[in-house]
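Novice: Let me see the structure of the following:
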Amino acid sequence: MSADGPAGRPASPSGPLEPWPDTVRWQPISRDLIWVELIRLGIGLAVALVVLGTAWALSGHWLLGAAVAVALLLSAWRVVTIVRAVRAWGYAERADDLLVRHGLLVRRLSIVPYSRMQFVDVSAGPLERAFDLATVQLHTAAAASDARVPGLRPAEASRLRDRLTALGEDRAEGL
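Specialist: Okay, the predicted model is just below:
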């Protein structure tokens, strides 16, 4: 059996969404984002269990008991996917663009040219602030091409924001 991919080219061992394995140095995001996402899941699960448990206790209908069990099973599955999803996030700065990758089942690679960026936003909600994290959001003319990099330390988020803003201004001047 041949190790060749389409059109007789050698198959990439890293897959189609990492076409630059030797030239791109992926930066991971903070693993603390796992805790942020687990707490969000826990809050949602607690609300769902209170509502379902109360309804089950008042009505005694077996379907509500089954819904509690399903909610617990889905939450256990979501815990596993949260850990894997956070590990799948990464970004890489290149000379002319920023690469952002994420996703488990549906892998996504976004390439955002610096010259197309309109503005860069840094945000941090209460949970992110509690874990000393921030999210960098890139806005372009095409809303579908916006990308975000969650789970960054505030100093790294500020550095990335300033760098992307400066590169975006430099590249836009040439248009």
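
Novice: How about the secondary structure of residue 137?
Specialist: When classified by DSSP: H, G, I helix; E, B strand; the rest coil, residue 137 comes out as strand.

Novice: For it, which residues are in contact?
Specialist: By CB atoms under 8 Å, 6 or more residues apart in numbering, the contact list for residue 137 reads 120-123, 146-148. All C-beta spots, glycine's among them, are computed from the backbone N, C-alpha and C.

Novice: in its sheet, what does the helix or strand hosting residue 92 sit against?
Specialist: Residue 92 is part of strand 90-93 when elements are defined by DSSP states H and E. Note on strand 90-93: by DSSP bridges, its sheet partners are strand 27-28 (antiparallel), strand 97-102 (antiparallel).

Novice: Deepest-packed of those, please.
Specialist: Comparing those by mean neighbour count (mean count of other CB atoms under 10 Å), strand 97-102 ranks first with a mean of 20.

Novice: Residue 24 contacts residue 93, doesn't it?
Specialist: No: using CB atoms under 8 Å, residue 24 is not in contact with residue 93, being 9.4 Å away.

Novice: Can you show me the strands along this structure?
Specialist: For the chain, the strands defined by DSSP state E cover 27-28, 90-93, 97-102, 108-113, 117-123, 134-140, 147-152.

Novice: I'd like to know how far the closest residue to residue 127 other than its chain neighbours sits from residue 46.
Specialist: Spatial nearest neighbour of residue 127, chain neighbours left out: residue 36 (4.8 Å); criterion: CB to CB, 6 or more residues apart in numbering. Counting by CB to CB, to the nearest Å, the gap from residue 36 to residue 46 is 16 Å.

Novice: Who has more neighbours out of these two?
Specialist: Neighbour comparison, residue 36 and residue 46: the larger count goes to residue 36, with 22 against 10 (by other CB atoms under 10 Å).

Novice: so where's the chain uncertain?
Specialist: Along the chain, segments meeting pLDDT under 70 span 1-22, 143-146, 171-175.

Novice: and with 90 instead?
Specialist: Where the chain drops to pLDDT under 90, the residues are 1-26, 60, 65, 94-97, 101-119, 139-147, 164-175.

Novice: Show the residue spans covered by the helices in it.
Specialist: Counting by DSSP state H, the chain has helices at residues 32-59, 62-88, 126-130, 154-173.

Novice: Take those helices and write them to JSON lines, including distance to residue 141.
Specialist: As requested, those are exported to JSON lines (distance: least, CB to CB, whole Å):
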{"stretch": "helix 32-59", "distance to residue 141": "28"}
{"stretch": "helix 62-88", "distance to residue 141": "27"}
{"stretch": "helix 126-130", "distance to residue 141": "27"}
{"stretch": "helix 154-173", "distance to residue 141": "11"}
